[in-house]
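Engineer: give the three-dimensional model of this entry:
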Amino acid sequence: MNEFKEELKTMGVMFEYKEACEFIGKRLMSLADSSNLTRNNVFSILNFIKFLRENYLPLDSFIQSISGGRWLRTLRGDRSPDGSVLFDDEWKAASQVSDIPFIDQEFYGGEILCFKTELKLLGVIIGFNKNYQLVVNCFNSSANLSSLTEEAFTLILRCIRSLGNSSGELIRCLKEKKCIKTNRGYKFPRETFLYSPEWSCLLHVFNSLSQIDENFSGTSLLLYKNELKQLGIVVAFEEAAKVFAREFEQHVLSLSIRKENLLLFLECCRKLKGTPYKFPSGLKQTIREKKWLRSCFGDYRSPKECILFGPDWELISPITLLPFIDESESCYGKNIYDYKNELKGVGVVTEFHEGAKFVASGIRFPSNPSTVTSESVLCLLECTRNMQQQGKKDSLPDAFLKRVHSHEWLKRYAGYRTPDNCCLFDSKWGSFLNQKDGPFIDEGFYGSGISSYREELHALGVTLNVENGCRLIAGYLSSHSNFATIVRIYRYLSEFKWEPDCDSAKVIWIPNGKEDGEWVSPKECVIHDKDGLFGAKLNVLEKYYDLRLLSFFSSALDVKSHPSIGDYCQLWKEWENSGRKITLANCCAFWAYIAEHWSSKAEKTLAESLVKVPVDAGSEISLLRKCDVFIADDLQLKDLFEKSSSPSIFVWYPQPNLSYLPRRKLLEIYRKIGVRNISESVQKQEISLLVGMQLKPVNPKEVLIGRGLFKLILGFLAAKPSLKVEAERRHESMEKLLRLSIYEAAAPVEISYSLPLSSGDTVIVKACRMVRWEKESSKLFTQKLERTGGHKKLIEYATYFAEVISKGVLWEDEDHMFELCELIKLGCLLDFNEEAIGFLMKTKNLQIFKEDEEFLASAFPLD
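Structural biologist: Next comes the predicted model:
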């Protein structure tokens, strides 16, 4: 047959190995197209390939002829060997997520596994060998991914990492699937957080955030953070914190942060401390500023508005309302105290020295100040110190000061008062006062430690400096009754020149022994009462206090140095109303004061107040109605009415004249206040004229009224220092003589005087004398001198003449009247001869001065 090789070849007989392999392959593929290859057919192919391989025969032609046919049964139907996959454990994970064309091992049986080499030569994929693209290409988007194993999910992540941008479709598909196993079931990737041993505690706070199940992911997922992030899973702390912040805010708004949430949060804060994981600023701000912590008041507050109660707060609590975190079992419970540092970290005040602002706004004193303990007060002062250190040293919150000053809570030695009504005692105060003399803080109650809070007490309004305590010490004065204590206080007030700011602060203690007395108004007091008139009416302070304090009472309390005009008027009114007589000494003292303090105001006061004036009643003084008492300006009338009137109708004046109460001034005062002159008040009737007696006008010289008389009187007035009559007044007295109209009668002139009184009675007197001076009319009546009548007539005339002239000139000064009368009498006997008068004056040591000479020259120009 070999000889016919060409012929047989022409006839179609195949002689080449390649041709035979191609023929066999085509035949097999033809069978496959017409009907499925049986299991045996497939194994025959595989055995044939194995034969060829083991005999080192070429395989390419045969494999090429059959590899493209769809004759290999897979789980996805008959497929060509190329691209089909022989399943093993490496493909287990992929089989969960992809429809991979695995050879149907159930159909072929386990025998198929004996032909891995042959299958691989045919293009079957043997082993996984990072065949991620196939997994992605065959990914079953409609498959139920809610039961993925850890291996399957890890495979997906490796696919994403391996394929990079080519995995976009896979990523989009997975994002829409609840394919992530979490602690709250399967969730969408966007709802899921990667477990982190460092910060996943944040996810447990509200138990509303889905974290990849630790049993599901183990630690392998931590290697795929970038891929997880592409799926939308939260893998970074910063992103988790943002989501937590939103969750936190929602719980804040709904007031639903419970005990377990808070404790978990604080535990998480503790775990994160010291790690690189820090809350972002936005979350920090939310935690610190939002109102989510429940206080003991039942409301919700931000951490910075809350306090964690501790032993240091126990002392201040009774006098404050402070927002402590609610530690009751129905709220956060006692476990909250285990997280002191964490609470401090979020802004809660945990240290006493940091909570001064809460004390400032929460100070609330009880209505009964005796329940405020010394420890609470010292604690408050410590808070005040902290406030000063944390703010302006010299400034405390206005609201705090208002509350502190509106309650009496600070204990003094006598009761409780507000700080601004208290003083702090020290050695400087001790130089003037004892501790119980003033409103000093009770150091026995608070202990000596209170002195260490001087600045704080001062900031609350307590007076520290001794020079600034006058107002408070003065206000405390009326609580004392011990005279020695009161004197100390007055001396202190005097030392620092205290001046009261209102009348109610002006009080003076009038002692009655060491422990008794009464407080009186300064208006009821007087410094001095030299005459002792006001002992029963006013409190005379010089009886009780030394000179230094008397000066203080006068300047600071406006105490009168002496009784005033008003006091004297009131005293006089009491004398008037009593109906009793007054002593000569009292009367002199009264009118001496009036004379010393005489003024237009005094004149008006006395004129309006005094109804009665004094008249002489022997050893005492009577007071009679002013309208029935007269000034004896005419001594002749005085003589007449005194003889016929009882009691006297003439106003009293001291006799003899007193230097401190000049009679002239006193009579002038009487006149100013409404006492009338007797000469102006009487009604006169010249009886002699009624019976036909004639009066003859005569020249003054004819009745001895001339230059000699004037010179003698002027010399007398000028030479008597006690008279204190200046030239002008001397000349005025002489002018009255010059103006006299002289009338002469043959016999003594008889005149009747009547004086009506307020009672309706009229006093009538008659006068009959040789010489009579009517001052009101400036007339002098005289009986004609009969020189032939002998010496008796001369001395009688001289006596009457001298009395009339001396009384007319010195009617206001009776003390010197007799002396002048004697001189005039002697001059009258000498007919007032100038030479004789000159000699007489020298013997009496009398003289006139130049101004008197000039007056005489003008009065008697022709002499």
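Engineer: residue 458 reaches residue 464, doesn't it?
Structural biologist: Yes - with contact defined as C-beta atoms under 8 Å, residue 458 reaches residue 464; the gap is 5.1 Å. C-beta coordinates here come from the backbone N, C-alpha and C atoms, glycine included.
Engineer: which secondary structure element of this protein has the lowest mean pLDDT?
Structural biologist: When each helix and strand of the chain is scored by mean pLDDT, DSSP states H and E, helix 687-690 comes last, with a mean of 46.
Engineer: so where's the stretch 751-863 of the chain uncertain?
Structural biologist: 768-769, 787-789, 863 (pLDDT under 70).
Engineer: which stretches of it form helices?
Structural biologist: 791-809, 817-829, 834-843, 850-859 (DSSP state H, counting those that start in this stretch).
Engineer: which one of the ones you listed lies nearest to residue 342?
Structural biologist: With C-beta to C-beta as the measure, helix 850-859 is the member of the helices of the stretch 751-863 of the chain nearest residue 342 (114.0 Å).
Engineer: can you list the residues that contact the closest one?
Structural biologist: Helix 850-859 is contacted from outside by 707, 710-711, 714-715, 718, 727, 730-731, 734, 738, 848, using C-beta atoms under 8 Å, 6 or more residues apart in numbering.
Engineer: quickly name whichever of those is closest to residue 589.
Structural biologist: Looking across the contacts of helix 850-859 and measuring by C-beta to C-beta, the closest to residue 589 is residue 730, at 32.1 Å.
Engineer: where's the nearest residue to that closest one once chain neighbours are set aside, which helix or strand?
Structural biologist: Ranked by C-beta to C-beta, 6 or more residues apart in numbering and with sequence neighbours excluded, the top spatial neighbour of residue 730 is residue 717, at 4.7 Å. For residue 717, the host element (DSSP states H and E) is helix 707-719.
Engineer: dump stretch 849-860 to PDB, keeping only the CA atoms.
Structural biologist: This file holds the C-alpha atoms of stretch 849-860, laid out as PDB (Å, rounded to 0.1, in the frame of the first residue of the first chain):
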ATOM      1  CA  PHE A 849     -13.800 169.300 125.300                       C
ATOM      2  CA  LYS A 850     -13.300 171.300 122.200                       C
ATOM      3  CA  GLU A 851     -16.400 169.800 120.500                       C
ATOM      4  CA  ASP A 852     -18.400 170.900 123.600                       C
ATOM      5  CA  GLU A 853     -16.900 174.400 123.400                       C
ATOM      6  CA  GLU A 854     -18.000 174.600 119.700                       C
ATOM      7  CA  PHE A 855     -21.500 173.400 120.700                       C
ATOM      8  CA  LEU A 856     -21.800 176.000 123.400                       C
ATOM      9  CA  ALA A 857     -20.600 178.700 121.000                       C
ATOM     10  CA  SER A 858     -23.200 177.800 118.500                       C
ATOM     11  CA  ALA A 859     -25.900 177.500 121.100                       C
ATOM     12  CA  PHE A 860     -25.100 180.800 122.900                       C
END
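Engineer: quick revisit: for residue 303, find the nearest of the helices of the stretch 751-863 of the chain.
Structural biologist: Using C-beta to C-beta, the nearest of those to residue 303 is helix 850-859, at 106.7 Å.
Engineer: report the buried residues of that closest one.
Structural biologist: 852, 855-856, 859 (16 or more other C-beta atoms under 10 Å).
Engineer: stretch 82-96 too?
Structural biologist: Quick answer for stretch 82-96 (16+ other C-beta under 10 Å): 83-87, 91, 93-96.
Engineer: among those, name the ones in helices.
Structural biologist: Among the buried residues of stretch 82-96, the members falling in helices (DSSP state H) are 93-96.
Engineer: adding pLDDT, write those out as TSV.
Structural biologist: Converted to TSV, those look like this (pLDDT from 0 to 100):
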residue	pLDDT
93	87
94	87
95	87
96	85
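Engineer: now do residue 233, the pLDDT please.
Structural biologist: As predicted, residue 233 sits at a pLDDT of 84.
Engineer: what number of residues lie near it?
Structural biologist: By other C-beta atoms under 10 Å, 26 other residues sit near residue 233.
Engineer: quick check: phi and psi on it?
Structural biologist: phi -70, psi 140 (degrees, to the nearest 10).
Engineer: ok, residue 830 - contacts?
Structural biologist: Residue 830 sits next to 708, 836-837, 840 when contact means C-beta under 8 Å, 6+ apart.
Engineer: can you check the pLDDT for the residue lying closest to residue 695 once chain neighbours are set aside?
Structural biologist: In space, and not counting its chain neighbours, residue 695 is closest to residue 743: 4.2 Å by C-beta to C-beta, 6+ apart. Reading off the confidence values, residue 743 has pLDDT 82.
Engineer: isn't there a strand covering residue 743?
Structural biologist: Yes - per DSSP: H, G, I helix; E, B strand; the rest coil, residue 743 lies within a strand segment.
Engineer: what's across from it in the sheet?
Structural biologist: residue 697, residue 781 (DSSP bridges).
Engineer: ok, how many other residues are close to it?
Structural biologist: Other residues close to residue 743 by other C-beta under 10 Å number 18.
Engineer: which residues does it contact?
Structural biologist: 695-698, 779-782.
Engineer: at 7 Å what do you get?
Structural biologist: By C-beta atoms under 7 Å, 6 or more residues apart in numbering, the residues touching residue 743 are 695-697, 779, 781.
Engineer: can you check residue 303 too?
Structural biologist: 287-288, 293, 346-348.
Engineer: what ranges does the stretch 1-150 of the chain have for its helices?
Structural biologist: Counting by DSSP H, counting those that start in this stretch, the helices of the stretch 1-150 of the chain are 5-10, 17-34, 39-54, 60-66, 92-97, 105-108, 116-121, 132-137, 150-163.
Engineer: could I get these as a markdown table with distance to residue 673?
Structural biologist: Listed next are those as a markdown table, based on distance: least, C-beta to C-beta, whole Å:
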| stretch | distance to residue 673 |
| --- | --- |
| helix 5-10 | 185 |
| helix 17-34 | 163 |
| helix 39-54 | 162 |
| helix 60-66 | 163 |
| helix 92-97 | 134 |
| helix 105-108 | 152 |
| helix 116-121 | 155 |
| helix 132-137 | 135 |
| helix 150-163 | 127 |
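Engineer: mind listing the strands for the stretch 501-650 of the chain?
Structural biologist: 508-511, 517-520, 525-526, 539-540, 582-583, 612-617, 620-625, 630-631 (DSSP state E, counting those that start in this stretch).
Engineer: related to what we said a few turns ago, which one of the helices of the stretch 751-863 of the chain lies closest to residue 163?
Structural biologist: helix 850-859 (147.9 Å).
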